[in-house]
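Asker: Below are the sequence and a predicted model; questions follow.
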Amino acid sequence: MLDSLWNRLGSDDLKMSFLTDRENVYTHLVPLALQQSAESALELSEKARSRVLREQMIPGDFNTAASIQSGLGDNESVVEYFIAGNDLYIFAVRRDRVVCVHRAGVVGVIQNHWLNLDRHFSSCGVKWEYMSAARSHLRVTAETHLQKLYEELVRPVENEIRGSVVFVPHGFLHGIPFHALHDGRAFLMDTRAVMYSPSASLYCAPARTVDYKEPLFIAFSRGSHISSIGEIEEAASHFQEATVLINPALGEIAEAFEKPRELVHIAGHAGIDAVGGRLSWIETPEGRLTGRDLTDMHIRARTLVITGCQTARRPLRPGDEWLGLMRAFYTAGASAIVSAFWDIRAESARRFASEFYKRFTTESLSVAVRSASTAVREWEPHPYFWSGFGVFCRRGSEPRR
């Protein structure tokens with residue numbers, strides 16, 4: 001019935017509005033389907049998330065369990081979460097099987113752990129220079145929160161996770177840095193290649209192939225804040241051919257995006273409005289560059305790196321539909337995105353970018369990000385500084401070697 005009504009709707013806005021008072025239908029359908037099979041429940045979980053975005057990007061029907069499994073390699077796994085009231089369903093998907101773990105009554109506990117960690121990171125971002133005497137204690141506090149989240153979110157399916165894992169969060173779980181979760185011995189990124197996606201089917205569907213041109217590096221700097229310019233210049237130095245734009249006009253940016261790019265790197269101040277969370281933006285000398293602006297520019301990039309603060313924060317509409325910059329990047333054609341979960345210190349971003357590009361042309365994207373994060377961790381071991389960047393991608397979106 002829902003699918004029949006869905007197929008009659010026209011615009012994307014109508015489809016997202018349609019989900020406003022129908023989203024909770026899936027909180028009943030997924031548990032019922034699980035009585036039949038984990039595969040049936042997974043297919044309904046997929047229909048409950050990013051459906052409009054997925055239909056924009058994937059031609060045809062690619063959301064069956066079989067199509068998702070066939071899109072995975074032998075060393076790949078997907079961990080997809082579905083929140084139904086206070087219950088959590090964790091799907092572990094591999095090429096050879098699908099497993100679902102139902103955890104009753106845990107969502108409130110998990111959300112409390114995450115809010116405590118989020119507040120802790122926010123406090124570190126504002127007060128770090130004034131807390132030198134307590135920094136060791138602060139690191140232990142952060143790692144304790146990360147261990148608690150690991151126990152709730154990863155431990156139940158850890159035996160199903162392969163060497164490469166793609167996390168597909170749901171609801172408030174989108175804010176959690178899964179790659180930084182700690183099992184009591186190591187951070188997850190130390191033992192796995194970790195990536196993120198809005199849906200399992202979107203990750204597994206083949207990314208389109210394009211004849212990409214030379215990398216594009218863009219820096220936006222306000223007044224005396226020139227760290228973004230240094231970041232871009234250092235990053236561009238790793239390539240024999242690259243286009244570098246410093247504080248470009250919007251028309252100049254649009255012209256540069258007319259070519260499909262192997263890589264686009266944008267550095268500058270970014271944010272998300274504190275009231276509704278629906279508007280995210282990048283600050284430029286001409287004003288704010290919004291997600292709608294970027295969508296209209298039709299960015300075509302195999303890999304997009306954006307080190308501005310909170311660029312990976314995804315405001316959500318009913319149906320777990322992403323809004324903001326991340327949606328703009330996906331719909332504009334980016335196959336892989338490296339972006340920030342929270343406010344990133346300028347020195348952290350510079351060190352991350354510097355190490356990332358040392359590995360970019362020789363390693364996979366997830367390994368390059370892991371190496372860069374590890375380098376930042378050696379400089380400052382508190383997770384606030386090194387775990388802020390994540391990889392959001394589609395399978396087959398790795399740069400050509």
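Answerer: Cool, got the structure.
Asker: surely F178 meets L153?
Answerer: Yes: between F178 and L153 there is a contact at 7.2 Å, judged by CB atoms under 8 Å. All C-beta atoms are positioned from the backbone trio N, CA, C, and that covers glycine.
Asker: Okay, domains of the protein per the record?
Answerer: Per automatic domain parsing, the structural domains of the chain span 2-107+147-204, 216-393.
Asker: Dump these to CSV, plus mean pLDDT.
Answerer: CSV is the format used below for these (pLDDT from 0 to 100):
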stretch, mean pLDDT
domain 2-107+147-204, 85
domain 216-393, 76
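Asker: T141 is nearest to which of those domains?
Answerer: T141 lies closest, by CB to CB, to one member of the domains of the chain: domain 216-393, at 9.5 Å.
Asker: still on that earlier bit, for my notes, please list the domains of the chain in a markdown table and give distance to S136 and mean neighbour count for each entry.
Answerer: Output for the domains of the chain, formatted as a markdown table (distance: least, CB to CB, whole Å; neighbours: other CB atoms under 10 Å):
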| stretch | distance to S136 | mean neighbour count |
| --- | --- | --- |
| domain 2-107+147-204 | 16 | 18 |
| domain 216-393 | 9 | 20 |
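Asker: possible to save those as TSV with distance to L138?
Answerer: Listed next are the domains of the chain as TSV, based on distance: least, CB to CB, whole Å:
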stretch	distance to L138
domain 2-107+147-204	15
domain 216-393	6
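Asker: quick one, which of those is nearest to R135?
Answerer: domain 216-393 (6.8 Å).
Asker: mind checking how far the residue nearest to L188 when sequence neighbours are not counted is from S237?
Answerer: Take L188 and drop its neighbours on the chain: the residue closest to it by CB to CB, 6 or more residues apart in numbering is L181, 4.9 Å away. According to CB to CB, to the nearest Å, L181 stands 34 Å off from S237.
Asker: do the same with G230
Answerer: Going from G230 to S237 by CB to CB gives 11 Å.
Asker: How about T290?
Answerer: Taken as CB to CB, the span from T290 to S237 is 30 Å.
Asker: do the same with G175
Answerer: Distance, G175 to S237, by CB to CB: 34 Å.
Asker: gap between the two ends of stretch 357-373?
Answerer: 12 Å (CA to CA, to the nearest Å).
Asker: Now do it: everything it contacts.
Answerer: Contacts with stretch 357-373, where a contact means CB atoms under 8 Å, 6 or more residues apart in numbering, come from 164, 179, 189-190, 193-195, 234-235, 238, 263, 303, 336, 338, 351-356, 386-387, 389-391, 393, 397-399, 401.
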